[in-house]
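> heads up, no residue letters with this:
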């Protein structure tokens, strides 16, 4: 049970850091969620939003960061 508790705490810390980074990005005016490729549809009683462009951008940035971390750990 101790390992599960540590994993839950680690996941929580990662979520807090990610949330803080998103709030800082909004404060500095980065248009996350409003990039080209972010789809939104508003109907009469329905709204659909799919942030494809933002997801790709975040994926590329995280891939580069993790690649650099793995390069320097060797």
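That came in fine, so what should we check first? What you are looking at is a predicted structure, and each value in this text was computed from that prediction instead of being measured. Residues are numbered from 1 along each chain as shown.
> Spatially central, which residue of this protein would that be?
residue 58 (5.7 Å; Cα atoms, centre = their mean).
> Excluding residues flanking it in the chain, which one is nearest that one?
Nearest non-adjacent residue to residue 58, counting by Cβ to Cβ, 6 or more residues apart in numbering: residue 32, 8.0 Å away. Glycine gets a C-beta too; all of them are placed from N, C-alpha and C.
> quick one: secondary structure of the one you found?
coil (DSSP: H, G, I helix; E, B strand; the rest coil).
> cool, the one 3 residues further on as well?
Judged by three-state DSSP, the three-state class of residue 35 is coil.
> any idea how the chain splits into domains?
The record's domain split for the chain, according to automatic domain parsing, is 1-30, 31-74.
> Make JSON lines out of the ones you listed and add mean pLDDT.
Below are these laid out as JSON lines (pLDDT from 0 to 100):
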{"stretch": "domain 1-30", "mean pLDDT": "88"}
{"stretch": "domain 31-74", "mean pLDDT": "89"}
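> Could you tell me how far the longest helix along the chain lies from the centre of the chain?
If you go by DSSP state H, the chain has its longest helix at helix 2-27. Averaged C-alpha coordinates place helix 2-27 at 11 Å from its chain's average position (Cα atoms, centre = their mean, to the nearest Å).
> Next: stretch 50-68.
That offset, for stretch 50-68, works out to 8 Å (Cα atoms, centre = their mean).
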